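>>> quick one, structure for this:
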Amino acid sequence: MRPCQISRMQLMEKKKRNRSRPAESFEIRLERYADNARATARRMPPGKERDALMKKAVQVDNVLAVTEWLATRNDSDSKGG
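Numbering: from 1, shown residues only. As a prediction, this is how the structure comes out:
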């Protein structure tokens with residue numbers, strides 16, 4: 001083996017997975033992303049980039065609404081309703 005070659009085992013040893021959990025829930029992080037996208041879009045002149053940011057914010061809002069709807073639906077199903 002040449003000195004510059006790295007074995008698979010050495011590569012696996014170097015790569016460590018980040019196992020820490022985010023401090024906030026996924027929903028809170030999504031809300032923050034949507035708020036930041038809207039705030040950034042409001043500061044931009046009209047155009048494609050601004051429209052794309054606003055569209056992304058609306059998509060995140062839709063994801064949050066569906067997630068909340070599914071969560072309440074599952075709660076009522078588990079209560080026997």
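
>>> can we go C-alpha only for contacts and neighbour counts from here?
Fine.

>>> can you give me the helices for the chain?
Secondary structure of the chain by DSSP state H: the helices cover 8-14, 26-42, 48-78.

>>> next, format these as CSV and append mean neighbour count and mean pLDDT.
CSV is the format used below for these (neighbours: other C-alpha atoms under 10 Å; pLDDT from 0 to 100):
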stretch, mean neighbour count, mean pLDDT
helix 8-14, 9, 66
helix 26-42, 15, 95
helix 48-78, 14, 92
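
>>> quick one, which of those helices is nearest to Ser20?
Among those, helix 26-42 comes nearest to Ser20, with 14.0 Å by C-alpha to C-alpha.

>>> list the contacts of the residue nearest the centre of the chain.
In the chain, the centroid-proximal residue (C-alpha atoms, centre = their mean) is Leu30; its distance is 6.0 Å. Applying C-alpha atoms under 8 Å, 6 or more residues apart in numbering, we find Leu30 in contact with 60, 64.

>>> from Asn36, how far off is Asp77?
35 Å (C-alpha to C-alpha, to the nearest Å).
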